[in-house]
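> can't give you the sequence, but here's the structure:
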């Protein structure tokens, strides 16, 4: 009699037969998973968020009792996976230096690395062990009640030990505790290798929910769960918040495929809070009441609430920054600079600079603009913008993310020369172009090659240009725009007050001479700039550089150049006394050579000090020179600055 347990073995070599069409077992499993997923109510199909270690435990932790999670102490965990290939290794070293910087401890000393067993770890040794790793995990763990801990090390070690149990592998990690903000937090660096030397893959579900729930469990065990009164207060706060909250997660979790949700049975406290939250969402236009206790949630509920929360955080950041500087913010018009809709951009002075996201190293500026408003500007990664003092006058515009004219010229020259580009080919293609102009195209290609490999340099110095060069450039610009969404142009390193009587050309002078000056509103920085212009004009008249006429002020011919040379000679005289060397002014077309010693900031801009055995000169500064301080440099003075040639090898000038 045959039964359910009867089977007939099929003999043969491994993997022989039994698979329809010769498909592998893995292929059939993935196909079945995809079909099963598409049959679900939401039709979501197969997702990668369950691939990797910890997927099951992450899903289990995220599906616990709703009210129980509100009883847990709240912990925020931010995670990021960083590729270490290419420039990633350099970024890992920079991040290691950043988390150990001065002023992050309670007593203002540098941060100190620790690990699972030792209170002091060697960061260089950790990075050396990471050589060859494909990726690295970075976490920020911040408990809402972190200030209750005298030392965060036990919490971090307990969390990482639980992660080892959940993921089934030993973990190689180091951490630094930071106490320099209102919320103590810990930076954790985790190698992307398991204890067998293989790539460590952690499921997205564990990173997004599992770690947070594990950390909350540990803090709740350390400090005790929240009382009923604390839970009620927290729920009442979340009901009216204009940001993504835990209540919203509960509503979305109960939502069907048509986005209808219904408050189920459970704790009266939680049901009351969910009802109040739905009423708030309805007032915000993010939920629709359908009767019989059913509500339909907006399709963009989560991203909309997250954007609203970010704007609220930005306003708080701006208020805090101005309060610290004793700046009155009552009645001010606050704005968030949006690169996608910024138009002509803004001009203003820097009020403050800060860090908006430590994990991703994103910075912001607060700028008082000539339009009378105070703007919050996301400037991207910290390395994208040099340190600038408060009061610096800047122009800010959205970064272009499409190919430039220089890229189109390169593509055109290459198309007519068998896919190759060089300075010589460029000059033959366009006889009116200058050597210096063609070299700017080479610098552009070098930047693209260094960051993306989007162009190939040959041994003879020429370039092999791909047929899809413009598409590659567009992709390069889009990646650059994510790290640096705006261009910040320094208009004057001197604050307005110092520009009034400066003996060099200032931003105020450019506005007085401009045929189409920046519009100055009679409020905020606009009013301050208008008043400073009047005082600057009186100073110029007193110096004999301008005069009042019936139709308005008349300025001396070549005023900017007169002021620039006046300031340059004054500073050169001071440096000559300091260095004991003569000042040698370099004219257009003459060579520049010597050792680059440092830079100095003048009203007319930043200059580099280049010394020789018996004399020195001052040359316009460029950011690329920062890495050449203390080294020998050489170049040719041009109308717009120096065309530099770095090193002894033959190659492009800078």
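In hand now; what should we look at? All values derive from a computational prediction rather than experimental measurement.
> can you point me to the longest helix in the chain?
Scanning the chain for the longest helix, with DSSP state H as the assignment, gives helix 301-324.
> Going by neighbour count, list what's buried in it.
301, 304, 305, 308, 314, 317, 318, 321, 322 (16 or more other CB atoms under 10 Å). In short, each C-beta sits where N, CA and C put it, glycine included.
> and that helix, what does it pack onto?
helix 246-253, strand 333-336, strand 346-357, strand 362-369, strand 373-381 (3 or more CB pairs under 8 Å, 6 or more residues apart in numbering; DSSP states H and E).
> 10 Å instead, please
Helices and strands touching helix 301-324, by 3 or more CB pairs under 10 Å, 6 or more residues apart in numbering; DSSP states H and E, are helix 246-253, helix 268-283, strand 333-336, strand 346-357, strand 362-369, strand 373-381.
> which stretch among the ones you listed comes nearest residue 553?
Among the helices and strands packed on helix 301-324, strand 346-357 comes nearest to residue 553, with 21.5 Å by CB to CB.
> what is the mean pLDDT for that closest one?
What strand 346-357 shows for mean pLDDT is 90.
> got TSV for the helices and strands packed on helix 301-324, with mean neighbour count and distance to residue 388 too?
Listed next are the helices and strands packed on helix 301-324 as TSV, based on neighbours: other CB atoms under 10 Å; distance: least, CB to CB, whole Å:
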stretch	mean neighbour count	distance to residue 388
helix 246-253	18	39
helix 268-283	17	41
strand 333-336	15	20
strand 346-357	19	6
strand 362-369	23	8
strand 373-381	21	10
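> Quick one: these as CSV, columns for distance to residue 557 too.
Below are these laid out as CSV (distance: least, CB to CB, whole Å):
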stretch, distance to residue 557
helix 246-253, 66
helix 268-283, 64
strand 333-336, 40
strand 346-357, 27
strand 362-369, 32
strand 373-381, 37
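> Could you double-check that residue 75 sits in contact with residue 139?
No - in this structure, residue 75 is not within contact of residue 139 by CB atoms under 10 Å, at 11.3 Å.
> Look up the residues that both of these two are in contact with.
159, 185, 211, 215 (CB atoms under 10 Å, 6 or more residues apart in numbering).
> doesn't residue 159 make contact with the third one?
When you say that, I think you mean residue 211. Yes - the pair residue 211 / residue 159 is scored as a contact, 7.4 Å apart, by CB under 10 Å.
> list the residues that contact both of these two?
75, 77, 139, 141, 188.
> Could I get the full set of strands for the stretch 1-150 of the chain?
Here the stretch 1-150 of the chain has its strands, by DSSP state E, counting those that start in this stretch, at 75-83, 135-143.
> Give the burial count for residue 360, as a bare number.
14 (other CB atoms under 10 Å).
> Do me a favour and get the backbone dihedrals for it.
phi -100, psi 10 (degrees, to the nearest 10).
> From residue 561, how far out is it?
Going from residue 360 to residue 561 by CB to CB, to the nearest Å gives 44 Å.
> what do you get for residue 384?
Distance from residue 384 to residue 561, counting by CB to CB: 32 Å.
> Could you check which of those two has the larger neighbour count?
Ranked by neighbour count (other CB under 10 Å), residue 384 and residue 561 place residue 384 first, with 18 against 11.
> got a list of what the more buried one touches?
Counting by CB under 10 Å, 6+ apart, residue 384 touches 361, 362, 363, 399, 480, 483, 484, 485, 486, 487, 488.
> Buried ones among those?
The buried subset of the contacts of residue 384 - by 16+ other CB under 10 Å - is 361, 362, 363, 399, 480, 484, 485, 486, 487, 488.
> Which ones among those residues lie within strands?
Counting by DSSP state E, those place 362, 363, 486, 487, 488 in strands.
> Need those in JSON lines (columns: distance to residue 593 and pLDDT).
As requested, those are exported to JSON lines (distance: CB to CB, whole Å; pLDDT from 0 to 100):
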{"residue": "362", "distance to residue 593": "40", "pLDDT": "86"}
{"residue": "363", "distance to residue 593": "37", "pLDDT": "89"}
{"residue": "486", "distance to residue 593": "36", "pLDDT": "90"}
{"residue": "487", "distance to residue 593": "32", "pLDDT": "90"}
{"residue": "488", "distance to residue 593": "32", "pLDDT": "92"}
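> now the residues you listed as a markdown table including distance to residue 600?
Shown next, in a markdown table, are these (distance: CB to CB, whole Å):
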| residue | distance to residue 600 |
| --- | --- |
| 362 | 31 |
| 363 | 25 |
| 486 | 27 |
| 487 | 24 |
| 488 | 21 |
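> From the residues you listed, pick the one nearest residue 290.
When those are compared against residue 290 (criterion: CB to CB), the nearest one is residue 362, at 40.3 Å.
> Who does that closest one form a beta bridge with?
Note on residue 362: beta-bridge partners residue 357, residue 381, judged by DSSP bridges.
> correct me, but it touches residue 378?
Yes - Residue 362 lies in contact with residue 378 (CB under 10 Å); the separation is 6.7 Å.
> Name the residues contacting each of those two.
356, 485.
> Any regions of this protein where pLDDT drops low?
1-50, 64-70, 329-331, 340-343, 452-454, 646-654 (pLDDT under 70).
> same thing but 50
Within the chain, the stretches with pLDDT under 50 are 1-2, 4, 15-22, 34-46, 342, 647-654.
> Checking residue 188 next. Helix, strand or coil?
Following DSSP: H, G, I helix; E, B strand; the rest coil, residue 188 is assigned to strand.
> for it, what are its contacts?
77, 79, 99, 137-141, 156, 159-160, 163, 171, 173-176, 211.
> go again using 6 Å as the cut-off
Neighbouring residues of residue 188 by CB atoms under 6 Å, 6 or more residues apart in numbering: 139, 173, 175.
> Torsion angles phi and psi at the last one?
Spelled out, it's residue 175. phi -150, psi 160.
> returning to that earlier point: now the contacts of residue 188 as JSON lines including neighbour count and distance to residue 415?
As requested, the contacts of residue 188 are arranged in JSON lines below (neighbours: other CB atoms under 10 Å; distance: CB to CB, whole Å):
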{"residue": "139", "neighbour count": "24", "distance to residue 415": "49"}
{"residue": "173", "neighbour count": "21", "distance to residue 415": "52"}
{"residue": "175", "neighbour count": "25", "distance to residue 415": "54"}
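> I figured residue 493 hits residue 392, correct?
Yes - when contacts are counted by CB atoms under 6 Å, residue 493 is listed as touching residue 392 (5.4 Å).
> what is in contact with the two at once?
With CB under 6 Å, 6+ apart as the test, residue 493 and residue 392 reach no residue in common.
> For residue 275, give me its contacts.
So residue 275 contacts nothing (CB under 6 Å, 6+ apart).
> ok, now with 7 Å
residue 263 (CB atoms under 7 Å, 6 or more residues apart in numbering).
> That one and residue 249: what is the separation?
16 Å.
> State the three-state secondary structure for the residue nearest to residue 152 when sequence neighbours are not counted.
Setting aside the residues directly before and after it, residue 152 is nearest to residue 177 in space (CB to CB, 6 or more residues apart in numbering), at 4.5 Å. Under three-state DSSP, the three-state class of residue 177 is strand.
> Just grab the bridge partners of residue 177 for me.
Here residue 177, judged by DSSP bridges, has bridge partners residue 186.
> And the ones in strands among the buried ones among the contacts of residue 384, which two are furthest apart?
Applying CB to CB across these, the maximum distance is between 362 and 487, 16.2 Å.
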